[in-house]
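Trainee: Have a look at this prediction, sequence included:
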Amino acid sequence: MKKAVMRVIYLGYYFKQLDWEKYRHFIKYTSKETKIPGPVLVWKSMWNSMLYNISLLEYFQFHFYRKTKEEKEKWAGTGYMYEFQRVMNPMSSRDILDDKRLFFQRYRKFFVHEVYSDKEFYEDPQIFEKLKNAVSGKIVIKASDGKCGAQVKILNTDGLTREKVISQLKEDKYDMVEEFIIQHSELTRLAPKAVNTVRIFTQLNDKDEVEILGCRQRLSVYSNVDNLAAGNIAAPIDEKTGKIIGPGVYSDISKEPETVHPVSGVEIVGFQVPLWKECLALAKEAALFDKTNRSIGWDIVVTESGPGLIEGNHDWCKLVWQLPVDTGMKSTLQAHWDQYQK
């Protein structure tokens, strides 16, 4: 009974948060592909949300309209992830990951770039001079609680003054200033529009050992961020070799996977992520650094001098995890959940 009530509450939440334009786009596209009438797809997305604990959009993104009951049960959707991550990453310990300023202070030794709060920037004029004179010629401002690549702005330093940065921070209600990172030249060659981060999912098992749940290369396409939600792609990385082993996929079901990057023309499949051993070692060390959060999606930037952390996500994305390998992997999480509750 409690489970049914929760699913109804979740469904209400999905409707409240729904990107209606995207929902209508998915219905129209799927209806054309499958010949299933739109109203039927609306009903099926709602019913499957209740049955399999997924969001309305995930019904389409997981291609449930062409899957069997057994196949559907393998996928971890928004509702399931919420419940799993609440257990693994308790609300009382999430602040350190939620607030990017706190995260930087706590995990500073894993960073390769400088991060400042708005207060620090206002009080110390030398910070602006330092950032302005950096080789990149850019400064990043953002919100400390921003998600999915939103609430980020990149400012060119040519003609920029400290007063303009302060004005922009206040206008956008942002509270962080960062050094712009110059990524490894190989990643710029592959996807030149933005800094492209590696996402490594780590899980602490019942012996507090780090297990790697998956590795993905996030790639910008025409965007200045690399998030899947911003229209970019994510591709699977082989944990042992650091090579990309599958095409880059979109979360927009109407777009085909990319084996060659649309902007650079560089082959995605077979691309060797630079400094791979160092990336893996960094994720594992960070996972053990603070064990109060046990299941984290680490965003790692790779530079010529080594990898560094960008973010640690307690509410890491099931789409980036499952879509690039076209496989539902809920059983992997359930095994850890069962083990943890023994």
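Mentor: Everything's here; your move. Numbering: from 1, shown residues only.
Trainee: which residues touch the helix or strand of the chain with the lowest mean pLDDT?
Mentor: One helix or strand of the chain scores below all others by mean pLDDT, DSSP states H and E: strand 152-156, with a mean of 87. Contact with strand 152-156 is made by 137-143, 146, 164-165, 168, 172, 174, 180, 224-225, as judged by CB atoms under 8 Å, 6 or more residues apart in numbering. In short, each C-beta sits where N, CA and C put it, glycine included.
Trainee: could you flag which of these are buried?
Mentor: Using 16 or more other CB atoms under 10 Å as the burial test, the contacts of strand 152-156 include Lys138, Ile139, Val140, Ile141, Lys142, Ala143, Val165, Gln168, Tyr174, Phe180, Val225 as buried.
Trainee: residues in contact with Gln168?
Mentor: Listed by CB under 8 Å, 6+ apart, the contact set of Gln168 reads Ile141, Lys153, Leu155, Tyr174.
Trainee: any idea how far the residue lying closest to Leu160 once chain neighbours are set aside is from Ile139?
Mentor: The shortest distance from Leu160 to any residue other than its chain neighbours is 6.6 Å, reached at Lys132 (CB to CB, 6 or more residues apart in numbering). As for Lys132, its distance to Ile139 is 7 Å (criterion: CB to CB, to the nearest Å).
Trainee: what do those two both touch?
Mentor: Any residue near both Lys132 and Ile139 by CB under 8 Å, 6+ apart counts here, and that gives Thr157, Leu160.
Trainee: Inside helices: which ones of the buried ones among the contacts of strand 152-156?
Mentor: With helices taken from DSSP state H, the overlap with those comprises Val165, Gln168.
Trainee: returning to what we had before: now the contacts of Gln168 in a markdown table, with distance to Glu267?
Mentor: Listed next are those as a markdown table, based on distance: CB to CB, whole Å:
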| residue | distance to Glu267 |
| --- | --- |
| Ile141 | 35 |
| Lys153 | 32 |
| Leu155 | 33 |
| Tyr174 | 37 |
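Trainee: Pull the most distant pair out of those residues.
Mentor: The span of the contacts of Gln168, defined through CB to CB, is set by Leu155 and Tyr174 at 10.9 Å.
Trainee: Which residues are in contact with each of the two?
Mentor: Common neighbours of Leu155 and Tyr174 are listed as Ile141, Gln168 (criterion: CB under 8 Å, 6+ apart).
Trainee: where do the strands sit along the chain?
Mentor: 115-117, 138-142, 152-156, 176-179, 198-204, 210-219, 233-236, 295-303, 306-313 (DSSP state E).
Trainee: Could you tell me how many residues sit around Arg216?
Mentor: Neighbours of Arg216 under the rule other CB atoms under 10 Å: 27.
Trainee: so who does it touch?
Mentor: Applying CB under 8 Å, 6+ apart, the residues contacting Arg216 are Val198, Arg199, Ile200, Ala234, Ala235, Pro236, Ile237, Val320, Trp321, Pro324.
Trainee: One more: Lys330?
Mentor: Contacts were defined as CB under 8 Å, 6+ apart; by that measure Lys330 touches Glu73, Lys74, Trp75, Ala76, Tyr80.
Trainee: Could you rerun that using 7 Å?
Mentor: The contact partners of Lys330, taken as CB atoms under 7 Å, 6 or more residues apart in numbering, are Lys74, Trp75, Ala76, Tyr80.
Trainee: Pretty sure the third one sits against Leu319.
Mentor: This points to Ala76. No. The criterion here is CB atoms under 7 Å, and Ala76 misses it with Leu319 at 10.1 Å.
Trainee: Who has more neighbours out of these two?
Mentor: Ala76 (23 against 19).
Trainee: ok, now which ones touch the more buried one?
Mentor: Applying CB under 7 Å, 6+ apart to Ala76 gives the contacts Lys318, Gln322, Gly328, Met329, Lys330, Leu333.
Trainee: Read off the pLDDT value for Pro90.
Mentor: In this model, Pro90 is scored at 95, pLDDT.
Trainee: so where's this protein uncertain?
Mentor: Within the chain, the ranges that satisfy pLDDT under 70 run 1, 147-150.
Trainee: domains for it, by residue range?
Mentor: For the chain, the structural domains run 1-75, 95-101+184-341, 114-179, going by the TED database.
Trainee: Which one of these lies nearest to Phe84?
Mentor: domain 95-101+184-341 (5.3 Å).
Trainee: Can you give me the first-to-last residue distance of the closest one?
Mentor: Chord length of domain 95-101+184-341, first to last residue, is 23 Å (CA to CA, to the nearest Å).
Trainee: Over to stretch 176-183?
Mentor: 20 Å.
Trainee: what do you get for stretch 241-260?
Mentor: Taking CA to CA, stretch 241-260 runs 20 Å from one end to the other.
Trainee: and that stretch, which residues are buried?
Mentor: Counting neighbours by 16+ other CB under 10 Å, the buried set in stretch 241-260 is Gly242, Ile244, Ile245, Gly246, Pro247, Gly248, Val249, Tyr250, Ser251, Ile253, Pro257, Glu258.
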